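*Asks:* curious how this folds, go ahead:
(chains A, B, C, D, E and F)
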Protein chains: 6
Amino acid sequence: MMSRFIIFGFLLATCSIAFALDPSPLQDFCVADPNSPVFVNGVVCKDANLVQADDFLFRGLHLMGNTSNDVGSNVTAVNVASLPGLNTLGISMARIDFAPGGINPPHTHPRASEVLTVIEGRLLAGFVTSNPENRFITKVLVKGDVFAFPQGLIHFQKNIGKGYAIAIAGLSSQNPGVITIANAVFGSNPNTAGDVLAKAFQVDIKVVHQIQSKF
Amino acid sequence: MMSRFIIFGFLLATCSIAFALDPSPLQDFCVADPNSPVFVNGVVCKDANLVQADDFLFRGLHLMGNTSNDVGSNVTAVNVASLPGLNTLGISMARIDFAPGGINPPHTHPRASEVLTVIEGRLLAGFVTSNPENRFITKVLVKGDVFAFPQGLIHFQKNIGKGYAIAIAGLSSQNPGVITIANAVFGSNPNTAGDVLAKAFQVDIKVVHQIQSKF
Amino acid sequence: MMSRFIIFGFLLATCSIAFALDPSPLQDFCVADPNSPVFVNGVVCKDANLVQADDFLFRGLHLMGNTSNDVGSNVTAVNVASLPGLNTLGISMARIDFAPGGINPPHTHPRASEVLTVIEGRLLAGFVTSNPENRFITKVLVKGDVFAFPQGLIHFQKNIGKGYAIAIAGLSSQNPGVITIANAVFGSNPNTAGDVLAKAFQVDIKVVHQIQSKF
Amino acid sequence: MMSRFIIFGFLLATCSIAFALDPSPLQDFCVADPNSPVFVNGVVCKDANLVQADDFLFRGLHLMGNTSNDVGSNVTAVNVASLPGLNTLGISMARIDFAPGGINPPHTHPRASEVLTVIEGRLLAGFVTSNPENRFITKVLVKGDVFAFPQGLIHFQKNIGKGYAIAIAGLSSQNPGVITIANAVFGSNPNTAGDVLAKAFQVDIKVVHQIQSKF
Amino acid sequence: MMSRFIIFGFLLATCSIAFALDPSPLQDFCVADPNSPVFVNGVVCKDANLVQADDFLFRGLHLMGNTSNDVGSNVTAVNVASLPGLNTLGISMARIDFAPGGINPPHTHPRASEVLTVIEGRLLAGFVTSNPENRFITKVLVKGDVFAFPQGLIHFQKNIGKGYAIAIAGLSSQNPGVITIANAVFGSNPNTAGDVLAKAFQVDIKVVHQIQSKF
Amino acid sequence: MMSRFIIFGFLLATCSIAFALDPSPLQDFCVADPNSPVFVNGVVCKDANLVQADDFLFRGLHLMGNTSNDVGSNVTAVNVASLPGLNTLGISMARIDFAPGGINPPHTHPRASEVLTVIEGRLLAGFVTSNPENRFITKVLVKGDVFAFPQGLIHFQKNIGKGYAIAIAGLSSQNPGVITIANAVFGSNPNTAGDVLAKAFQVDIKVVHQIQSKF
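*Replies:* Numbers count the residues shown, from 1 in each chain, chains lettered A, B, ... in the order given. The predicted model follows:
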């Protein structure tokens, strides 16, 4: 079950997002070269003379993701890892599929804001502010609604309609990152000390171990 | 005809886009207050205590735009002007509708990169680089394809399918701006001097006046 | 108990942090004027002619905070809200006090990285990465150790020494923000839907309600 | 004629410009190493120990450019490609020479704003805004006048004096880029589809092919 | 004499400069409104509907400055204070006049890099690096030479030709600021404590007081 | 004596500082690889799979620095050179020790703002503004006081207590740089021309040579 969660977490991480903070480009394009042995902030570029139109293309965002998992959702991320032409452009995209009752569980994007539109279905969406502290801002979204999630705040969506739901999101970074809260807190590798979590979540350490065993 | 073009230009301006350059937020949110008499870089914010969930919401992106115009396309923009919660978040979104044969004419976004996905139909998309000079990078896009347009470069899309086409775009600025080339060059108010355009486009000044008369 | 947690959360939020993303200053200084009726990204400035040396000063960081609370820690934040001269400077500071066994519970700073040094005592510190997913990076810190926490990642500290512990942190934003995970997830106002949390944390909804009742 | 235009376009591209968006330096200097096989956002640096004063020097901006071409102007660019010490500094410079009646044809800089001063002669200068849409802002400039062109907007200059004219410009990027509108639209390689341009410019496709044949 | 120095210092402050760090614009233009009672990072904007072409214009950079002063130089600054259209554009310009033997004394720009070209005469220019520490990089510049000064480093120019000299500089901020070292150190108001300067400069305190008396 | 000063200057350079301008990270972390033969803006990263917790750790900030030198102070810098995990994070830290009467001589950080707290002792701190020109803003700081120094402005601290003094500073860049004014002006390598300094500081050239001989 944990490995499934890790996969979901990973998929979700690059999805429902949109930020404003990437450094600016210093040339027309700098297509990512994932095979370079040199690592920099962002990704090293291909030789501009070898760049092709295909470097700016990603295929398959119309395909439904597999939502047969514990949270009933699936994120297809189109970021610099899957679309190398996005390197230095400060933008990425994602599709989120929801089975009936499925959730895109509470998560944050450490490096991006997000704007999301509902293509199909009915979603409950929300985020929690840090100041004023822990205010929960929430809305029921229907087809055609667009909602904004500010950078770094915890947010989620839930399919509250009868059928499947689909959303498309824009994110303000080529690599927004995603931190699925439950997985990061209870499913880290190695595990975060149980007593820290017990005190933080105000539960018995047995409950912590029980939750950790599921991730 | 000119007024129609001006409307198209305006609609197109906020559409197929996605950038990386807006300044970073300095608080959780700074919802735009369009009624403030004070003007700043971006928009003055509402009092945080008066902010509501509706400030982060835009409705109606599922509605088809009216493409009965000279270019056969329509852009519905979701930027800081229509979704005030996007202020300081560095992201915006747009929907583009194309009638059969319709085009989203050559344009640039002065402050954003763009990532676009085809929801329905078949598009020819392309952009021209500045260095290497005037290289045309183009691709036929079908449903589910995602394509990236680097900041500030001239780009366009054309519906080459048999029916209507729809695209959704993410843009890396809360206010990307749009410059529809033909309108800005031949339809500015007041007009740009005809001899400048004649020399730039290597045409007789009569041709310039003829084109200007249509915008 | 919930109100105590809210207070802790608030105190912790501006503490152990250090980021890199605030917009650059456009003048020597722009001292925050918290009484202005105009709200902008960051804070409106005082008239430069009225600025005094005291505007750049905060007093009392040598004072121990009150750690008689559920988590056994206390954060004293020196950010733009308490030191107005920090407006536009992209930096802030914090002191964290820990009772024996006390924790600075798992939290993120949505807008900053952090660098922290141990002044007194012995801390267990750690953060969880988003990619590679959920890798837990941890270290025991003693007096004189300095540790870095990247922007937006979940991190915590625990006093594992016998006496009180003290840390000083630098943060890369004038207003880093703090999201105490447990409080934001289980103590939001209004509450996040229980079934969403039950599915996300893989626990029975009764456990969710039980945890929520404590915040 | 096309090759001449390409040369002009290239020369013009790095000229009359000045922006605000390059990433900040992270060390005193990072002199560009154009021979590096590694490509990054901007340019890889030389070993700091091998840097010489000459790396910060460009010679010959007092020399008049050759304006014997179709537009009657010439741009001498001093950017990171010709002055490697500008790498990471976010600034560049250019000289523009105009024959009598010559124009620096309508163009944009995708990554910079520009400030230009007239050293000799009399110029008509102008730019077109994107919002309010297509407003043409124009001024006659004489010796000693300084004019600002905002980032990404279409602008041009024309020599309206009797003799030669000279301008010096500052640009807010180490590599502003230049898109000469006519060349990019009608002289791209390969050509942009004629029917797209015919519809965008509201002209017969024969006119499009006629213009394309000149570039 | 001190007041003269203060004037020079002020004039010099906005001159020979060029940086890369201003926040990006969020609209086409944001013309500075210096009469606004509201102060922000940068300057509050005029209503866009009231903006005129003159807001982007500065006149008189062809005029020689008055170099009849202690350092024999004069700086004419074209920054946001004198050309309001530069607000949010991240660029400014300056003209520096040198009498024979005149110097633009050692100074830094806290918020900009600079690129400078010699219009007339012969200059000795140099800057001192911080790392490697205190390396002096210097060059004799003649007409047509362009030289780069990295952000925040101490630099100067001296007229080593027989006649007057003129330079034009581009700077990478709308308000680079200028700190003339001697004036800031020995001519501050109130004075910096003499014993601090005596120890820093390794001179007798009498020498400090003697220097201070001249500013 | 000069070499001692150079050492002090170097140590001081990375100390009492705190800025806001580094480019944003594009991944969770990018640990500096100081052994890479490739140089970029900032530092090339280690392979993420080889990163260890120790890469985020610096040890020994509790140790008193050796203040037996001409200025009676010592700076221990914790920046990207000594703590590789700070690469891309936009933050650094420093400890400053002062012997009785010792000074951290006037200096600037070309790329950072600073926030400093007094851990022990009594300091006189101050900075000089550039606009309003040369205004000296100063304050006596005691234990627990926190003071802010804006980016690029000349500032200093002096121990005015009876015993040793200690301060901890946060700086808003991974590599703020430090320019110790006296050393950079009078101790550069090679020397800055004496007549330039004589005119700038309004002293006889003999005094300049005398000061230069001490650095």
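
*Asks:* which residues in chain A form strands?
*Replies:* A:57-58, A:73-78, A:92-98, A:103-108, A:114-120, A:122-128, A:136-142, A:146-149, A:154-159, A:165-171, A:179-180 (DSSP state E).

*Asks:* reformat those as a markdown table; add mean neighbour count.
*Replies:* (Glycine included, C-beta is placed from N, CA and C.) A markdown table is the format used below for the strands of chain A (neighbours: other CB atoms under 10 Å in any protein chain shown):
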| stretch | mean neighbour count |
| --- | --- |
| strand A:57-58 | 20 |
| strand A:73-78 | 26 |
| strand A:92-98 | 29 |
| strand A:103-108 | 28 |
| strand A:114-120 | 24 |
| strand A:122-128 | 24 |
| strand A:136-142 | 18 |
| strand A:146-149 | 30 |
| strand A:154-159 | 27 |
| strand A:165-171 | 29 |
| strand A:179-180 | 28 |
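
*Asks:* E:Pro150: which of those is closest?
*Replies:* Nearest of the strands of chain A to E:Pro150, taken as CB to CB: strand A:92-98 at 32.9 Å.

*Asks:* and the closest one, does that touch chain B?
*Replies:* Yes - contact of strand A:92-98 with chain B (CB under 8 Å from any CB of the partner chain) involves A:Ser92, A:Met93.

*Asks:* roughly how far out does that strand sit from the chain middle?
*Replies:* 8 Å (CA atoms, centre = their mean, to the nearest Å).

*Asks:* now check that strand, is it near chain C?
*Replies:* No - judged by CB under 8 Å from any CB, strand A:92-98 and chain C are separated, with a smallest distance of 11.8 Å.

*Asks:* got the confidence number for the residue of chain A most remote from its centre?
*Replies:* Within chain A, the residue lying farthest from the chain centre (CA atoms, centre = their mean) is A:Asn49, at 33.0 Å. pLDDT for A:Asn49: 93.

*Asks:* picking up where we left off before, could you dump the strands of chain A to CSV with mean pLDDT and distance to chain D?
*Replies:* What follows is the strands of chain A, written out as CSV (pLDDT from 0 to 100; distance: least, CB to the nearest CB, whole Å):
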stretch, mean pLDDT, distance to chain D
strand A:57-58, 98, 18
strand A:73-78, 98, 20
strand A:92-98, 98, 16
strand A:103-108, 98, 24
strand A:114-120, 98, 20
strand A:122-128, 98, 29
strand A:136-142, 98, 28
strand A:146-149, 98, 20
strand A:154-159, 98, 28
strand A:165-171, 98, 19
strand A:179-180, 96, 25
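
*Asks:* got TSV for those strands, with distance to C:Tyr164 too?
*Replies:* TSV is the format used below for the strands of chain A (distance: least, CB to CB, whole Å):
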stretch	distance to C:Tyr164
strand A:57-58	54
strand A:73-78	44
strand A:92-98	45
strand A:103-108	31
strand A:114-120	41
strand A:122-128	31
strand A:136-142	35
strand A:146-149	39
strand A:154-159	31
strand A:165-171	42
strand A:179-180	31
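
*Asks:* for those strands, which one sits closest to chain F?
*Replies:* strand A:179-180 (9.4 Å; CB to the nearest CB).

*Asks:* packing partners for the closest one?
*Replies:* Contact here means 3 or more CB pairs under 8 Å, 6 or more residues apart in numbering or on different chains; DSSP states H and E; on that basis strand A:179-180 packs against helix A:2-13, strand A:103-108.

*Asks:* rewinding a little: what's the distance between the residue farthest from the centre of chain A and A:Gly85?
*Replies:* From A:Asn49 over to A:Gly85 the distance is 15 Å, taken as CB to CB, to the nearest Å.

*Asks:* ok so, going back, ok, for the residue farthest from the centre of chain A, nearest residue in space, not its chain neighbours?
*Replies:* Closest residue in space to A:Asn49, ignoring its immediate chain neighbours: B:Pro132 at 7.6 Å, by CB to CB, 6 or more residues apart in numbering or on different chains.

*Asks:* am I right that that neighbour is in contact with A:Ala48?
*Replies:* Yes - judged on CB atoms under 8 Å, B:Pro132 makes contact with A:Ala48 at a distance of 6.9 Å.

*Asks:* and those two? Which one has more around it.
*Replies:* Shown here are B:Pro132 and A:Ala48; by other CB atoms under 10 Å in any protein chain shown, A:Ala48 has more neighbours (16 against 12).

*Asks:* my guess is that one contacts A:Phe29. True?
*Replies:* Yes - shown here, A:Ala48 and A:Phe29 form a contact pair, counting by CB under 8 Å, at 7.4 Å.

*Asks:* next up, the contacts around the closest residue to A:Val146 other than its chain neighbours.
*Replies:* If the residues on either side of it in the chain are set aside, A:Val146 comes closest to B:Phe58, at 4.1 Å by CB to CB, 6+ apart. Applying CB atoms under 8 Å, 6 or more residues apart in numbering or on different chains, we find B:Phe58 in contact with A:Asp145, A:Val146, A:Phe147, B:Val78, B:Ser82, B:Leu83.

*Asks:* interface residues of chain A facing chain F?
*Replies:* Counting by CB under 8 Å from any CB, chain A sits next to chain F at A:21-23, A:38-43, A:110-111, A:173-175, A:177.

*Asks:* so which of the residues you listed reach chain B?
*Replies:* Within the residues of chain A next to chain F, those near chain B by CB under 8 Å from any CB are A:Leu21, A:Asp22, A:Pro23, A:Ser173, A:Gln174.

*Asks:* OK, contacts around the last one?
*Replies:* Applying CB under 8 Å, 6+ apart, one finds that A:Gln174 lies in contact with A:22, A:42, A:79-80, A:86-92, B:20, F:26.

*Asks:* now do 7 Å
*Replies:* Contacts for A:Gln174 were tallied using CB atoms under 7 Å, 6 or more residues apart in numbering or on different chains; they are A:Asp22, A:Gly42, A:Asn79, A:Val80, A:Leu86, A:Asn87, A:Leu89, A:Gly90, A:Ile91, A:Ser92, F:Leu26.

*Asks:* ok, the first one touching A:Asn87?
*Replies:* The one in question is A:Asp22. No - contact criterion CB atoms under 7 Å: A:Asp22 and A:Asn87 do not qualify, at 9.8 Å.

*Asks:* between those two, which has more neighbouring residues?
*Replies:* Neighbours were counted for A:Asp22 and for A:Asn87 using other CB under 10 Å; A:Asp22 has more, 36 against 30.

*Asks:* tell me how far that one lies from chain C.
*Replies:* 10 Å (CB to the nearest CB, to the nearest Å).

*Asks:* ok, for that residue, nearest residue in space, not its chain neighbours?
*Replies:* A:Gly90 (3.6 Å).
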